[in-house]
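Engineer: Kindly return the folded structure for what I paste below:
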Amino acid sequence: MFFYRNSVSGSIATVFGATGFLGRYLVSKLAKVGTQVVVPYRDEDEKRHLKLLGDLGQIVPLEWDIRNEQQIDECLRHSDTVFNLTGRNYATKNFSMRDVHVDGARRIAEIAAQAGVARFIHMSHLMADVDSESEYMRTKALGEDAVRKVFPSATIVRPSSIYGHEDRFLNKMASWPITWKLNNGQTVLRPVHSLDVAEALLVISQQDRLAMGETFSLYGPKAYTIRELLQIVENITYQKIVSPDVNIPRFMFSAIAKLGEKIAWWPMFNQDEVTRRFINEVPAPGTKSFADLDIAPDVLEDVAIMYLRRFRSHLRYEQPIENAHSGAVKLRKRPFRVVE
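Structural biologist: Have a look, this model is predicted:
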């Protein structure tokens, strides 16, 4: 199948958070359907790769700061659709989670409403809850409320844990499995493919009647415990990472995370992440899903080899996954297609 890019569709979209993990996939999909994409950036090195995703002049980088209203207005004033994918997994000395998830989201949505933007699509999280123990989940929920107050027709998108090439999910399980050995590995997650979420965002931006003012919960077709996910990673990488007898107490890991936050400027693990390791991902009732967008999301074990093969040793790099040693979760064999 060949994909041809149409660079004259006339649509313009601004993707705040385009330089992040999910943003690059959304920018690519928007460019393929002929949308001119404005990509706000904070660092020159963060936006260079995005220029290659579209034709000449189709990807428009503009510098911005989440606290600078004039720059935000310049980024979205000509756009039909605005995506807010900005987010923080941890607080820094410059930005707290509230600064980004609540105040920043409100500011972008308010300026978009004043500029007459037709569609505003805001990224939240599947477990966003104002009463959550996790600050991340709490501020995500408060951000939803803030956006809806100033842009009532905004679409809220709540993905579960996202996996892909640059994720902090499968990559962390393979490289830092010790950070997942909490709660006896019994926390239930519904991982979703980054390409599926990007496709859903594209479809949502094209479906006004279906999406405007709605909330979408985007999650994978299968639920896994963390122990099962670690077993899948072990089966694919041939690296021993599952230790049934290892369960690190929460208080101990919280203390380690707190210490790490004090001595490292870029924490590999933080206290709020410890809290999130104990929260099951359960879709909220009454929200729309992939089915409403006519999208069949990928099953994790069908595509995980693309992201985990690099963790294999050179001796087993090309070994088929169906020959992996047995574990708690069997890997599904992909059907072969004969090309004549």
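
Engineer: you'd agree L195 is up against Y163?
Structural biologist: No. Applying Cβ atoms under 8 Å, one finds L195 not in contact with Y163, separated by 10.0 Å. Glycine gets a C-beta too; all of them are placed from N, C-alpha and C.

Engineer: Counting neighbours around each, name which of these two comes out higher.
Structural biologist: Y163 (24 against 18; other Cβ atoms under 10 Å).

Engineer: what bridges to the more buried one?
Structural biologist: Note on Y163: beta-bridge partners by DSSP bridges are H193.

Engineer: and it, how far is that from V192?
Structural biologist: Separation of Y163 from V192 (Cβ to Cβ, to the nearest Å): 7 Å.

Engineer: Same question for Q319.
Structural biologist: 27 Å.

Engineer: Please apply the same query to A304.
Structural biologist: 13 Å.

Engineer: which neighbours do these two share?
Structural biologist: Shared contacts of A304 and V192, defined by Cβ atoms under 8 Å, 6 or more residues apart in numbering, are found at Y163.

Engineer: Which positions in whichever helix in the chain runs longest come out as buried?
Structural biologist: Counting by DSSP state H, the longest helix found in the chain is helix 135-150. Buried residues in helix 135-150, counted by 16 or more other Cβ atoms under 10 Å: 135-144, 146-148, 150.

Engineer: what do you get for stretch 85-96?
Structural biologist: Across stretch 85-96, burial judged by 16+ other Cβ under 10 Å covers 85-88, 90-91, 95-96.

Engineer: rewinding a little: distance from the helix or strand following the longest helix of the chain to the middle of the chain?
Structural biologist: Beyond helix 135-150 on the C-terminal side, the first helix or strand identified by DSSP states H and E is strand 155-159. Centre-to-centre, strand 155-159 and its host chain are 11 Å apart (Cα atoms, centre = their mean, to the nearest Å).

Engineer: Just give me the closest of the buried residues of stretch 85-96 to I121.
Structural biologist: Relative to I121, the closest of the buried residues of stretch 85-96 is L85; by Cβ to Cβ it sits at 8.8 Å.
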